[in-house]
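Visitor: below is the sequence, then the predicted model.
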Amino acid sequence: MTEQGTTESVQRAKVRFASGGTDCAAWHYPGTNGACVIMTGGGGVTKEPGTDLFARRFHDAGFSVLAFDYRRLGESGGQPRQIVRIKEQLADWQAAIGFAAGLPGADPARIAIWSFSASGGHVFRVAARNPQLAAAIAQTPNADGLAAARNAARHQKPLALLRLTGRGVADALGGLGGRGPLLVPLAGEPGTVAMLTTPDSLDGDRALNPANSYPDWQQTIAARSALRLGFYRPGRYASRVRCPLLVLVCDHDQTALAGPAVRAANRAPRAELARLPGGHYEPFLGGHERAAEAELSFLRRHLLDHSRAGRPAPAGAAPEGGGRA
């Protein structure tokens, strides 16, 4: 079907694939160059606000794109809703990789993965588990949930932090008894009960949902999920990633800290590092052009240029601000 984007018409079709006994909904953008990029939104962000902006750029460059919703989110199946379960999301990635390999015109040897924020952290684990991937992009990834949680606590008032913790515990216990999730906003002002109250977390709506372009996006998450993500440290898997890996960080990121992501990139054998000024959502805001060009350059080199695929990037070809830190 034809979908109208914010600035242009994009050809894409709704598809579904099975994962964990339910269906995951996805957009398939058929490409022309044989390579495919699998994408999903970060944290509780669904596929349209989380991927549309970059998916259009990749598709315009000839890449096929498979942009999916995790189970329990968006248009995918699964009950109860708005719950982030790390093991389930990793399994959804595995199912998406298998499905993408069978898409018309997609070369199974030229598949890349892309995500950001909490799901950008998943990229380290998924890439480590799938050495057959041609490339991986972790954009502003939350590589160390403990470090991010400690930093986030500095931007929250103690009483509100205590209330969030209490709601998370109550939600987890209620879930054991079959009750529906207790939801909290993805972002809020300090003093409110929200998953994040860091200064740049408040940019999320204008970055991902400009002019309320995606009114169906439910910007909430189960309180129990906030507790889980605080203990998640996927950057530890970076040393096991064998495919080319691009880690894009924003130097003033207060939501998913740049430091742990840079250290993860340094541990990955074939990593490249790209840096932008600004906060967590800068790649969706003023830094979009630089971020998209760095990522497209990386994808072209590793998915299309077979004469150089698998080789380290020469100094002149590293992404803006790139190279090893």
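Guide: Happy to help now that I have it.
Visitor: now the element after the biggest helix by length in the chain, going C-ward?
Guide: Longest helix of the chain, by residue count under DSSP state H: helix 158-176. As assigned by DSSP states H and E, the chain's next helix or strand after helix 158-176 is strand 183-185.
Visitor: pairing partners for that next one, with directions?
Guide: strand 220-222 (antiparallel) (DSSP bridges).
Visitor: which secondary structure elements does the very next helix or strand once past the partner strand contact?
Guide: Heading C-terminal from strand 220-222, the first helix or strand you meet, by DSSP H and E, is helix 223-229. For helix 223-229, the helices and strands in contact under the criterion 3 or more CB pairs under 8 Å, 6 or more residues apart in numbering; DSSP states H and E are helix 158-176, strand 183-185. Yep, even glycine has a C-beta here, placed from its N, CA and C like the rest.
Visitor: ranking those by burial, who's on top?
Guide: Most buried of the helices and strands packed on helix 223-229 by mean neighbour count (mean count of other CB atoms under 10 Å) is strand 183-185; its value is a mean of 21.
Visitor: for residue 25, which non-adjacent residue is spatially closest?
Guide: residue 75 (3.6 Å; CB to CB, 6 or more residues apart in numbering).
Visitor: correction: the previous question concerned residue 81.
Guide: residue 72 (5.5 Å).
Visitor: can you pull the pLDDT of that neighbour?
Guide: On pLDDT, residue 72 comes in at 97.
Visitor: quick one: contacts for it?
Guide: 78, 79, 80, 81, 82, 83, 84, 85, 88 (CB atoms under 8 Å, 6 or more residues apart in numbering).
Visitor: who's in contact with the longest helix of the chain?
Guide: 80, 83, 153, 156, 180-182, 184, 190-195, 197, 222-224, 226-227.
Visitor: please redo it, this time with the cut-off set to 10 Å
Guide: 80, 83, 152-153, 155-157, 179-184, 188-195, 197, 222-228, 230 (CB atoms under 10 Å, 6 or more residues apart in numbering).
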